[in-house]
Structure formats: C-alpha cells, structure tokens
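Undergrad: how would this look folded up:
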Amino acid sequence: MTKTRATVIGFVAVLLWSLLALFTVGSTPTPPLLLNAICFSIGGTLGLVWTWANGRLGQLRAVRWTTYLFGTVGLFGYHALYFSALRMAPAAEAGLIAYLWPLLIVLFSGLLPGEHLRIGHLIGACLGFTGAAVIIAGGGSAGFQADHMPGYALAFLCALTWSGYSVFSRRLGDTPTSSVAVFCIATAIASAILHLAVEDTVWPDSALGWASIAALGLGPVGLAFYVWDIGVKQGDIQILGTASYAAPLLSTLALVVAGIAAPSWGLAIAAVLITGGAVIAARASLKR
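TA: Here you go, the predicted model:
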C-alpha cells in the first residue's frame, strides 16, 4: 500500500469522528462507562468478523500482550474521558477542546525518528491553544461557568491521550490492524466491569438513543479505529494529523445544524482558530 493511499484511508476516520459528539449527545442519558462498553462491543465484534472473513485470526496470537495493554489503555482512556467530558460540559465547547489532538499529534510526531518540527507547526500550535483558551474564557455559546471546568479538563486530557496513542502507534508498525479488534473487546470488558462498580445502569430511553449508540459503535467507535490504524502506521502522520483539523469544524457544524449547540461568534472564532492552525501546520508538513 502506498503512503498516500494509507493517508487517505486514515482520513476516513476523521470524517467519522466528526459525528462523535453528535451521536454522544444523542445517546443521553446512558452513563459514560456503560456507553463505552456497548459501543466497543459493537466495534470489536465488527473487527473480529472482518478478521475472520479475511482468514487473519491467526495473526492475533502473535501480538505481544504489552501491545494489547497499550491499545486497550489508549482506546479506553480516550473514550471514557471524552464521553465524561460531554456529560459535564457543553458539547460544542468540550468537543473543540478534545479536538486539540490533531495539533498535539503534529507536535509529538517531532519526537519520532525522521520527523522534524518546523516553525509552521509551532505557529499552528499557538493558534490551536488560543482557540481552546477562547472557549474556557467564556467565548462559547454557553459562556464561562465554573461548573464546566471539570468537563473542559477531561476534554484536554482526552486530547493528550489520543495524540499520545496515535504517535506511539507509529512505533508498532509491525502490529496487524486486526489487533485493534482485541483492543476494542478488552476495552468493552474493562468498561463493563468499572460500570458495574461505580455507575448506575441507565439504558437509552428512546429509539433515537439506541440508534445513536449503534451509529457510534459502527462508525466513530468502530470502523474509524481500523482505518486510523492503517493511516498512522503506513501513511504520513504529520499530514494526517494536520488534515484532522477538519474534524472540529465539521463536528461543531453538525451540532449547530442539529440544534444541539447555539451558533455564536465566540464558538465560531474558536473553531476557526483551532481549525486554522491546520492550514499553517499542514503547509509546514508539505514543505518537507
């Protein structure tokens, strides 16, 4: 597979993740860990069926247990933090902060062998963090509320988690993509156990809720992981990271169109700043 093709395949995940916030809001009032368990059960089953259909189940036995642990912690950590953040803060604002991960991927990728940071990457970083600051300072549609700060903090932690997972996945290039199915199943099991220990079980109370959960499991918390794994391992990780800035803009637009987030100048400025960092950073990557 060519590097360009792998990069394009990886970008399919970005398009799917642009619907993550919309479907997460639609899944209310299901608690985060229960939502994790259901969605990853769907996504993991999807991956196992695909692996079996391609006769690659034998590949899974060759993967080291430390790799399985790494993948499970990455998927579990990011989504537990993300779902919790969107339950504790306005969806559009928390989602934009969480979508600092493309910027962090570009910055962290400078630590990889053969990769280098340019001034454009640093300028893009400043723009992205300025956008997050606009949200936290009260530029979003809901304005600043101290009660939302825990949600904003969780959103930032999930950005750190996913960027770290994505960059370090690059060092696992010999690990088959089919292993992601095991990451998903292990995440579902861990989420179910913790849910029973710390959460009250609240099932979706409408057809829309169940449909949102099914859509999450099939798309943003399913197929997206497999195409992303191909992208970060075989594609251009810096271009993929900067191109991922389409996600926060598309995600915010989806929430506004659905009537979940109210349009505002502050929200628009934050989206432009966070997304605009991609243009500068992407140009820096393309100039290599």
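Undergrad: before we move on, what SS does Thr201 have?
TA: coil (DSSP: H, G, I helix; E, B strand; the rest coil).
Undergrad: Thought Leu34 was touching it, still the case?
TA: Yes. The pair Thr201 / Leu34 is scored as a contact, 6.4 Å apart, by Cβ atoms under 8 Å. Backbone N, C-alpha and C define where each C-beta goes, glycine included.
Undergrad: Neighbour count: these two, which is higher?
TA: Using other Cβ atoms under 10 Å as the criterion, Thr201 and Leu34 rank with Leu34 on top: 23 against 9.
Undergrad: pLDDT on the helix or strand harbouring the more buried one, on average?
TA: For Leu34, the host element (DSSP states H and E) is helix 32-53. The average pLDDT within helix 32-53 is 93.
Undergrad: so what sits against both of Thr201 and Leu34?
TA: Common neighbours of Thr201 and Leu34, using Cβ atoms under 8 Å, 6 or more residues apart in numbering, are His195.
Undergrad: Show me what the helix holding Leu34 is packed against.
TA: Where contact means 3 or more Cβ pairs under 8 Å, 6 or more residues apart in numbering; DSSP states H and E, helix 32-53 is packed against helix 65-88, helix 179-198, helix 207-218, helix 224-234.
Undergrad: buried sites along it?
TA: 32-48, 50-51 (16 or more other Cβ atoms under 10 Å).
Undergrad: repeat for stretch 262-274
TA: Within stretch 262-274, the residues scored as buried using 16+ other Cβ under 10 Å are Ser264, Gly266, Leu267, Ala268, Ile269, Ala270, Ala271, Leu273, Ile274.
Undergrad: And the first one, how far from Ala85?
TA: Here the distance between Ser264 and Ala85 works out to 20 Å (Cβ to Cβ, to the nearest Å).
Undergrad: what do you get for the fourth one?
TA: If you measure Ala268 against Ala85 using Cβ to Cβ, the figure is 21 Å.
Undergrad: Likewise for Trp203?
TA: From Trp203 to Ala85 the distance is 22 Å (Cβ to Cβ).
Undergrad: More neighbours: which of the two?
TA: Legend: neighbour count by other Cβ under 10 Å for Trp203 and Ala85, higher for Ala85 (29 against 11).
Undergrad: Report the contact partners of the more buried one.
TA: Ala94, Ile97, Ala98, Gly151, Tyr152, Leu154, Ala155, Cys158.
Undergrad: Return the member of those nearest to Gly55.
TA: Cys158 (35.3 Å; Cβ to Cβ).
Undergrad: Next secondary structure element downstream of whichever strand or helix holds Ala247?
TA: Taking DSSP H and E as the definition, Ala247 sits inside helix 246-257. Sequence order places helix 265-286 as the next helix or strand after helix 246-257, per DSSP H and E.
Undergrad: what mean pLDDT does that next one have?
TA: 74.
Undergrad: next one: it to chain centre, how far?
TA: Mean-position distance between helix 265-286 and its chain equals 18 Å (Cα atoms, centre = their mean, to the nearest Å).
Undergrad: what's in contact with it?
TA: Contacts for helix 265-286 (Cβ under 8 Å, 6+ apart): 92-93, 96, 99-100, 102-103, 106, 118-121, 123-128, 130-132, 134-135, 138-141, 236, 238-239, 241-246, 248-249, 252, 261.
Undergrad: burial of the closest residue to Ser41 other than its chain neighbours, as a residue count?
TA: Counting by Cβ to Cβ, 6 or more residues apart in numbering, Ser41 lies nearest to Ala188, which is 4.4 Å off, once chain neighbours are set aside. Residue neighbour count, defined by other Cβ under 10 Å, stands at 25 for Ala188.
Undergrad: What of Ala6?
TA: Applying other Cβ under 10 Å, we find 19 residues neighbouring Ala6.
Undergrad: next one: Ala62
TA: 10.
Undergrad: Just the pLDDT for it.
TA: In this model, Ala62 carries a pLDDT of 85.
Undergrad: One more: Gln238?
TA: 68.
Undergrad: and Ala215, what does it touch?
TA: Ala215 sits next to Leu19, Phe23, Gly26 when contact means Cβ under 8 Å, 6+ apart.
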